[in-house]
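Engineer: got a predicted model here, sequence first, then my questions.
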Amino acid sequence: MENSLMGDARNRTAVQEFTLEGFPTVQPFGKVLFLIHLLAYLASIIGNTLIITITWADHRLQTPMYFFLSSFSFFECCFVTTVIPKLLAIFLSGRKSISFAACFTQAFVFLFLGATIFFLMAVLSLDRYLAICKPLYYPTIMNPRMCFLLVTACLALGFLFMVVPVILLSQSSFCGPHVIPHFFCDFGPLTSLSCSDTRSIEMLAFGLDLFILLTSLIVTIIAYSNIVVTIVHLPTAKERQKAFFTCSSHLIVLSLMYSSCVFIYVKPKETNWLDSNREAALVNTVVTPLLNPVVYTLRNKQVHQVLRDALSRVRV
């Protein structure tokens with residue numbers, strides 16, 4: 001009996017580091033993929049930084065909507081920086097190892113920022129609802145203090161919702177395979193490597209993910225249902241068009257985020273669950289953050305004017 005227990009303890013040696021599998025089928029094209037993803041990463045950082053800069057530099061964009069958009073852009077920069085640099089290292093040098101602590105830190109920051117961004121998107125929906133449906137009350141409700149409190153609340157909720165499942169998973173046993181079939185330390189692949197019973201942790205994480213997505217989705221649906229009714233009753237076609245274009249960018253970004261995240265986190269496990277998640281996660285961490293600043297700047301006349309004015313001042 002004693003020998004059996006000692007043997008079991010030896011078999012349950014703690015894993016000190018993990019190996020990120022990345023995309024093994026395309027690893028021969030690592031240098032090319034490194035360049036593509038580096039350009040996408042830089043474009044995403046530059047685009048989102050541009051939104052932050054012009055929002056804070058030009059008084060015409062110092063409104064609640066642009067405050068939320070600049071906060072959104074800042075979180076997006078942090079979000080992609082959590083994942084992409086390691087992916088670039090995998091493509092360039094094949095360096096796939098990551099320490100236990102770094103892996104769980106990456107998983108937590110990724111989930112924390114992801115949850116924060118979803119809460120912030122719900123706040124953006126509320127902001128558009130108040131601006132279009134309650135224009136007389138909008139300046140009073142969405143004052144600078146309220147805007148700051150809402151962003152702080154998004155951060156606090158994102159932290160509180162994600163810290164518990166990540167800590168619980170980090171305290172479970174990892175004694176078997178250490179290869180993560182993903183390009184970063186995501187929650188799902190980590191649970192598949194644990195040799196403890198993680199069903200309760202998975203159910204908790206699933207419930208929290210579902211709550212975050214549904215809360216944001218319900219708030220958005222209610223807000224935009226009221227917005228559509230208000231737009232339909234606007235007296236002129238020009239006013240209706242202006243109101244529609246104000247909201248369309250937000251809806252495009254929302255659709256990109258929801259489609260990829262629902263596919264990754266709120267679906268039953270299938271045979272290729274982890275493999276299919278890699279492609280969806282790549283869209284969520286590379287493509288969507290790259291498209292967000294493009295969508296918000298190309299479809300916004302006010303941003304166009306601010307950029308034109310800034311360029312004319314630079315030329316002078």
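Structural biologist: Perfect, thanks for sending it.
Engineer: enumerate every residue touching Phe75.
Structural biologist: For Phe75, the residues meeting the contact criterion (C-beta atoms under 8 Å, 6 or more residues apart in numbering) are 113, 116-117, 120. C-beta coordinates here come from the backbone N, C-alpha and C atoms, glycine included.
Engineer: what's the separation between it and Gln171?
Structural biologist: In this view, Phe75 and Gln171 are 28 Å apart by C-beta to C-beta, to the nearest Å.
Engineer: again, but for Asp309
Structural biologist: As for Asp309, its distance to Gln171 is 54 Å (criterion: C-beta to C-beta).
Engineer: who has more neighbours, these two?
Structural biologist: Relative neighbour count places Asp309 above the other of Asp309 and Gln171, with 13 against 10, counting by other C-beta atoms under 10 Å.
Engineer: excluding sequence neighbours, find me the nearest residue to the more buried one.
Structural biologist: Spatial nearest neighbour of Asp309, chain neighbours left out: Asp58 (7.6 Å); criterion: C-beta to C-beta, 6 or more residues apart in numbering.
Engineer: hmm, Val306 and that neighbour touching each other?
Structural biologist: Yes: between Asp58 and Val306 a contact is recorded at 4.8 Å, counting by C-beta atoms under 8 Å.
Engineer: quick revisit: now, among the contacts of Phe75, which is nearest to Ser71?
Structural biologist: If you rank the contacts of Phe75 by distance to Ser71 using C-beta to C-beta, Leu120 comes first, at 6.4 Å.
Engineer: now do the strands in the chain.
Structural biologist: When secondary structure is read from DSSP state E, the chain shows strands at 17-20, 97-99, 179-180.
Engineer: adding mean neighbour count and distance to Pro144, write these out as JSON lines.
Structural biologist: Converted to JSON lines, those look like this (neighbours: other C-beta atoms under 10 Å; distance: least, C-beta to C-beta, whole Å):
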{"stretch": "strand 17-20", "mean neighbour count": "18", "distance to Pro144": "42"}
{"stretch": "strand 97-99", "mean neighbour count": "15", "distance to Pro144": "41"}
{"stretch": "strand 179-180", "mean neighbour count": "18", "distance to Pro144": "43"}
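Engineer: looking at those, which is nearest to Val294?
Structural biologist: Between Val294 and these, the shortest gap by C-beta to C-beta is with strand 17-20, which sits at 28.8 Å.
Engineer: so what does the closest one touch, helix or strand wise?
Structural biologist: With contacts defined as 3 or more C-beta pairs under 8 Å, 6 or more residues apart in numbering; DSSP states H and E, the packing partners of strand 17-20 are strand 97-99, helix 100-133, strand 179-180.
Engineer: ranking the ones you listed by burial, who's on top?
Structural biologist: helix 100-133 (a mean of 21; mean count of other C-beta atoms under 10 Å).
Engineer: centre of the chain versus that helix, how much separation?
Structural biologist: The gap between where helix 100-133 is centred and where its chain is centred comes out at 6 Å by C-alpha atoms, centre = their mean, to the nearest Å.
Engineer: check which helices and strands that helix sits against.
Structural biologist: With contacts defined as 3+ C-beta pairs under 8 Å, 6+ apart, the packing partners of helix 100-133 are strand 17-20, helix 64-93, helix 138-141, helix 144-170, helix 187-193, helix 199-232, helix 237-265.
Engineer: weakest of the ones you listed by average pLDDT?
Structural biologist: Looking over the helices and strands packed on helix 100-133, mean pLDDT reaches its minimum on helix 237-265, with a mean of 69.
Engineer: the residue nearest to the spatial centre of the chain and Leu130, how far apart?
Structural biologist: Centroid-nearest residue in the chain: Gly114, 3.6 Å away (criterion: C-alpha atoms, centre = their mean). Summarising the geometry, the distance separating Gly114 from Leu130, computed by C-beta to C-beta, is 25 Å.
Engineer: cool, and Ser93?
Structural biologist: 50 Å.
Engineer: can you check Thr140 too?
Structural biologist: Applying C-beta to C-beta, one obtains 10 Å for the distance of Thr140 from Leu130.
Engineer: likewise Ser248?
Structural biologist: Counting by C-beta to C-beta, the gap between Ser248 and Leu130 amounts to 18 Å.
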